[in-house]
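Enquirer: just coords:
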């Protein structure tokens, strides 16, 4: 594995900052929106988010024998899509925010796990409490953007993956077309805070979410971070004109 450089950033700006700034913000925002998170994703993506979930699940290359770790798994969108689409042996569903996992547990009780065994754990993706070489695949959707020390998190993903295992990461990105990129920035500035106000009456938190999307590295830069963390065969596919991308890497 190559040597990595670790430092924490303010996830709203990308500038170096103490990790606690972003961690406290994430706890507040996602703790507040947990019950409305699925509805927020559906409305803010105009219903496209389920297609993106299918893409990240397919990219993880699961088999019936796979043990999947879903980091920053929130209310279970990726885990339950995996359970429906490519049922595997076991899913470890984790998130930094307990309220998100509370919703995920209710979804399992409603049968969304499709019979796949799912365990839950509150986990900081910067400090994953599992052994080396434990999982056949690791997924993360909309998580890496909200982590202050991203290189530390990627190093942890690489560590817990079995040799040959796949990391599949769904994240907002940078549309390569300048006109589409400009229109998207207007959408982020105006509509994301609007959806936030509609569902939680908490506009400032959703201004943060829009800022964090704008501050996140573009596709090539993030791919370079994956390579620096030790991943091989790193690639990505753009969807919705590059608004969203699925990155993959192999250990």
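Expert: Yep, it's here. Predicted, not measured: the structure shown is a model, and the values here were computed from it. Numbers count the residues shown, from 1 in each chain.
Enquirer: please name every helix or strand in contact with the longest helix belonging to the chain.
Expert: Criterion DSSP state H: the longest helix present in the chain is helix 178-200. Applying 3 or more Cβ pairs under 8 Å, 6 or more residues apart in numbering; DSSP states H and E, one finds that helix 178-200 contacts helix 19-33, helix 37-44, helix 203-215. For the C-beta atoms, the positions are set from N, CA and C on the backbone; glycine is no exception.
Enquirer: for the longest one, buried residues please.
Expert: Along helix 19-33, the positions that meet the burial threshold by neighbour count (16 or more other Cβ atoms under 10 Å) are 19, 22, 23, 25, 26, 29, 30, 32, 33.
Enquirer: so which bits of the lowest-mean-pLDDT helix or strand in the chain are buried?
Expert: The least trusted helix or strand in the chain, going by mean pLDDT, DSSP states H and E, turns out to be helix 37-44, with a mean of 74. Across helix 37-44, burial judged by 16+ other Cβ under 10 Å covers 37, 38, 40, 41, 43, 44.
Enquirer: which of those sits closest to residue 233?
Expert: residue 41 (29.0 Å; Cβ to Cβ).
Enquirer: hmm, that closest one is touching residue 49, no?
Expert: Yes - counting by Cβ atoms under 8 Å, residue 49 is a contact partner of residue 41 at 4.6 Å.
Enquirer: so how far is residue 8 from residue 16?
Expert: Per Cβ to Cβ, to the nearest Å, residue 16 is found 7 Å from residue 8.
Enquirer: tell me which of these two has more neighbours.
Expert: The neighbour comparison of residue 16 against residue 8 (other Cβ atoms under 10 Å) goes to residue 8, with 20 against 10.
Enquirer: and the more buried one, how close does it get to residue 64?
Expert: Computed as Cβ to Cβ, the residue 8 to residue 64 distance reads 39 Å.
Enquirer: find the nearest non-adjacent residue to the residue positioned nearest the centre of the chain, please.
Expert: In the chain, the centroid-proximal residue (Cα atoms, centre = their mean) is residue 141; its distance is 2.3 Å. What sits nearest to residue 141 in space, not counting adjacent residues and going by Cβ to Cβ, 6 or more residues apart in numbering, is residue 170, at 4.1 Å.
Enquirer: now the helix or strand encompassing that neighbour and helix 203-215, what's the angle there?
Expert: Using DSSP states H and E, residue 170 maps to strand 161-172. Comparing the axes of strand 161-172 and helix 203-215 via axes from the mean of the first three to the mean of the last three Cα atoms, to 10 degrees yields an angle of 110 degrees.
Enquirer: please state the offset of strand 161-172 from the chain centre?
Expert: Its chain's average C-alpha position is 11 Å from that of strand 161-172, according to Cα atoms, centre = their mean, to the nearest Å.
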